[in-house]
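Novice: missing the sequence, but the structure's below:
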């Protein structure tokens, strides 16, 4: 009955949705309506960094529900969950990133960041990267570096250029006409592509030389996913604007773009309310996000992420696997083609492991489990993946 209603009333995103019915979730596991257990190796696409139903996060949500749920559009009333979360985020970021604007999602964080860059610099040219992904709203889609994903929705934002990730010569496209450069420090939907050598450092210098704002989209890489709290820490580069979402809300919907007080203040006037949102920074979501960040930082959950990622790489050896790449628990398992990858993904699900593909790297399988996954669970997951490859 639920499946029939799903297809009848819930808008679909493709002709062939997985249509896997979840009854409950706990830790790193999902359970279907028969009670069968599945290992979740994608964390809701990088959302559930602490796993499903973390009890401290749930308690924070319940505590906030007892106080108030929604009282006013963002930015007008002083709401403790927003204030406390913004303060803790700032405390764990560079001194340049001390002003937090909460929104509802990753796409919205990008939209806000683009407006902020254009407003602050007075310039309109935006540079992004081929094979980048930044969201599905019009502005975010405009800077997404895949023509197939956006051809049907043109015209999009004007004055946008695309350059090659890791191409040092392409940095010459950044000039004094450029308002901002938007980059994922590790390209996610391209199949987990890491920056080479000092590429991000050279990018930072070029932006400084041309008075261009540098925007990092850390929707997928944030909150311990790559082995540090934020990925930018590993590359010795601090962006002018940092975009966050996914794990930000502790499994609740939340996004943010973060900059300096000086840059962010340009949205306050000419016009007043230069950026507004009704539900951005929802108090229940902020309470959940604050609880999650406390756990991640106090228990330093990201400290073991590198080891766990290397364990996956060590165990996933097979003639059909061309490469296992990534950083921490943000990994891509590369096969010869998309057909093999899709067959492995489907067979893994049949055998009790939930994985997924990448939007712009269909020959790769995604591995991004909750950061709390344990060594024995990693070994079990890899056994199932390897046996699934053998079966297909």
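Specialist: Looks like it arrived, so ask away. Being a predicted model, the structure only gives us computed values, none of them experimental.

Novice: Please count neighbours and contacts with C-alpha atoms only from this point.
Specialist: OK.

Novice: what about the residue nearest to residue 368 when sequence neighbours are not counted, how many residues close to it?
Specialist: If you skip the residues right next to it in sequence, residue 368 has residue 42 as its closest partner in space, 4.5 Å away by C-alpha to C-alpha, 6 or more residues apart in numbering. Residue 42 is surrounded by 23 other residues when neighbours are defined as other C-alpha atoms under 10 Å.

Novice: contacting residues around residue 42?
Specialist: With contacts defined as C-alpha atoms under 8 Å, 6 or more residues apart in numbering, the neighbours of residue 42 are 354-356, 366-370.

Novice: now do 7 Å
Specialist: Residue 42 is in contact with 354-355, 366-369, counting by C-alpha atoms under 7 Å, 6 or more residues apart in numbering.

Novice: Repeat that for residue 259.
Specialist: Contact criterion C-alpha under 7 Å, 6+ apart gives 96-100, 240-242 as the residues in contact with residue 259.

Novice: among those residues, who's most crowded?
Specialist: residue 241 (28 neighbours).

Novice: hey, where'd the helices end up in this protein?
Specialist: Along the chain, the stretches classed as helices by DSSP state H are 2-9, 43-46, 55-65, 80-91, 106-121, 138-142, 147-150, 199-209, 261-264, 283-298, 305-315, 338-350, 375-391.

Novice: Return the set of buried residues in the fifth one.
Specialist: Judged by neighbour count (16 or more other C-alpha atoms under 10 Å), helix 106-121 contains these buried residues: 106-114, 116-121.

Novice: Can you tell me which of the contacts of residue 259 is closest to residue 213?
Specialist: residue 240 (5.7 Å; C-alpha to C-alpha).

Novice: next one: phi and psi at the closest one?
Specialist: Backbone torsions of residue 240, given as degrees, to the nearest 10, read phi -80, psi -30.

Novice: Could you measure from it over to residue 196?
Specialist: Remark: distance between residue 240 and residue 196 (C-alpha to C-alpha, to the nearest Å) = 21 Å.

Novice: again with residue 249
Specialist: In this structure, residue 249 and residue 196 are separated by 30 Å, where distance is defined by C-alpha to C-alpha.

Novice: okay, the two: which has more neighbours?
Specialist: For residue 249 against residue 196, the residue with the higher neighbour count under other C-alpha under 10 Å is residue 249, and the figures read 29 against 11.

Novice: Who's the closest spatial neighbour of residue 302, skipping the chain neighbours?
Specialist: residue 224 (4.6 Å).

Novice: Residue 176 now?
Specialist: Closest residue to residue 176 apart from its sequence neighbours, by C-alpha to C-alpha, 6+ apart: residue 210 at 4.6 Å.

Novice: you'd agree residue 60 is up against residue 291?
Specialist: Yes: taking C-alpha atoms under 7 Å as the contact criterion, residue 60 and residue 291 are neighbours in contact, 6.4 Å apart.

Novice: thinking again about what came up before, tell me the two of the contacts of residue 259 that are most distant?
Specialist: 100 and 240 (12.3 Å).

Novice: What residues of stretch 292-299 count as buried?
Specialist: If you call a residue buried by 16+ other C-alpha under 10 Å, then stretch 292-299 has these buried ones: 292-296.

Novice: Show the pLDDT at the closest residue to residue 110 other than its chain neighbours.
Specialist: Spatial nearest neighbour of residue 110, excluding adjacent residues (C-alpha to C-alpha, 6+ apart): residue 140 at 6.0 Å. Here, the pLDDT recorded for residue 140 equals 98.

Novice: who's in contact with the closest residue in space to residue 35 that isn't next to it in sequence?
Specialist: Nearest non-adjacent residue to residue 35, counting by C-alpha to C-alpha, 6+ apart: residue 23, 7.7 Å away. For residue 23, the contacting residues are 31-33, by C-alpha under 7 Å, 6+ apart.

Novice: do the same with residue 118
Specialist: 124, 179.

Novice: measure it to residue 125 for me?
Specialist: Residue 118 is 8 Å from residue 125, where distance means C-alpha to C-alpha.

Novice: residues shared between the contacts of those two?
Specialist: residue 179.

Novice: Spatially nearest residue to residue 221 (excluding sequence neighbours)?
Specialist: For residue 221, the nearest residue in space outside its immediate sequence neighbours is residue 231; the separation is 5.9 Å by C-alpha to C-alpha, 6+ apart.
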